[in-house]
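Participant: Make a model of this:
(2 chains)
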Amino acid sequence: GDSVTQMEGPVTLSEEAFLTINCTYTATGYPSLFWYVQYPGEGLQLLLKATKADDKGSNKGFEATYRKETTSFHLEKGSVQVSDSAVYFCALLAGGGADGLTFGKGTHLIIQP
Amino acid sequence: DAGVIQSPRHEVTEMGQEVTLRCKPISGHNSLFWYRQTMMRGLELLIYFNNNVPIDDSGMPEDRFSAKMPNASFSTLKIQPSEPRDSAVYFCASGDGSTNEKLFFGSGTQLSVL
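Facilitator: Alright, predicted model coming up:
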């Protein structure tokens, strides 16, 4: 079945550091790919998405590129802030979307001032 | 719109008791999902509904868990009897059933079974 694998956390960085959170997927067909973010005490919210190969999703300084050849969708940000501290979930949507999203286990990001 | 509303926000109960979690999806959304989040397993899909009909409940852990959606604006997740291993955060999410690309999550119910 479909699955998403992302790097284990927590990931701890200093403010203004470069961020990469790795995500790879397994799916039949050509899924859409997503990053969701969960701030403390809140539900998940969509951060960015890409619907086909080589697409780049971006939002709030975060970027991720859909790489079909490596089945990856790594999340990057050039300069992180303390307010970026959260749990980040990689997800995919396959089969026309009828079955909903498949999420990775999440990566806890901690940014220290 | 107030977003997806879940209640209660926190629930503490004793083993063996019945627990009912509630969810009000965003008006106009016709897909509703129940997820469970734990440190060990991450985010697990328990069950989802489309147009109030359960489509896939294969993620429901066992017969102690049941979910209903009597109308488009309300859903419940019930655990009877509850066990300590059910302690987790339970999220409800709703989406536009045509694509389900963007899900809107509630703030979750933190369940502690003692």
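Participant: got the residues of chain B near chain A?
Facilitator: B:4, B:31, B:33, B:35, B:41-43, B:45, B:48, B:50, B:55-56, B:91, B:93, B:95, B:98-108 (C-beta under 8 Å from any C-beta of the partner chain). (Each C-beta comes from the backbone N, C-alpha and C, glycine too.)
Participant: Around chain B, pick out the residues from chain A.
Facilitator: Counting by C-beta under 8 Å from any C-beta, the residues of chain A close to chain B are A:32, A:34, A:41-46, A:49, A:89, A:93, A:97-106.
Participant: so of these, which ones are in helices?
Facilitator: Using DSSP state H, no member of the residues of chain A next to chain B falls in helices.
Participant: Return a PyMOL selection command for the buried portion of the residues you listed.
Facilitator: In PyMOL, this line selects whichever of the residues of chain A next to chain B come out buried by 16 or more other C-beta atoms under 10 Å in any protein chain shown:
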select buried, chain A and resi 32+34+43+44+46+49+89+93+97+98+99+100+101+102+103+104+105+106
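Participant: So, low pLDDT: which residues of chain A?
Facilitator: Low-confidence segments of chain A (pLDDT under 70): A:95-99.
Participant: Endpoints of stretch B:103-114, how far apart?
Facilitator: Taking C-alpha to C-alpha, to the nearest Å, stretch B:103-114 runs 32 Å from one end to the other.
Participant: same question, stretch B:72-88
Facilitator: 26 Å.
Participant: got a list of contacts for that stretch?
Facilitator: Stretch B:72-88 is touched from outside by B:13-25, B:27, B:30, B:32, B:34, B:36-38, B:46-47, B:49, B:51-52, B:64-69, B:90, B:92, B:111-114, with contacts defined as C-beta atoms under 8 Å, 6 or more residues apart in numbering or on different chains.
Participant: can you check stretch B:56-65 too?
Facilitator: With C-beta under 8 Å, 6+ apart as the test, stretch B:56-65 has contacts from A:99, B:44-48, B:66-67, B:77-83, B:86.
Participant: What about those, which one has the most neighbours?
Facilitator: B:Tyr48 (27 neighbours; other C-beta atoms under 10 Å in any protein chain shown).
Participant: got the contact list for the helix or strand hosting it?
Facilitator: Using DSSP states H and E, B:Tyr48 falls within strand B:42-50. Contact with strand B:42-50 is made by A:44, A:89, A:98-100, A:102-106, B:30-38, B:54-57, B:59-61, B:65, B:67, B:69, B:75, B:77, B:91, B:97, as judged by C-beta under 8 Å, 6+ apart.
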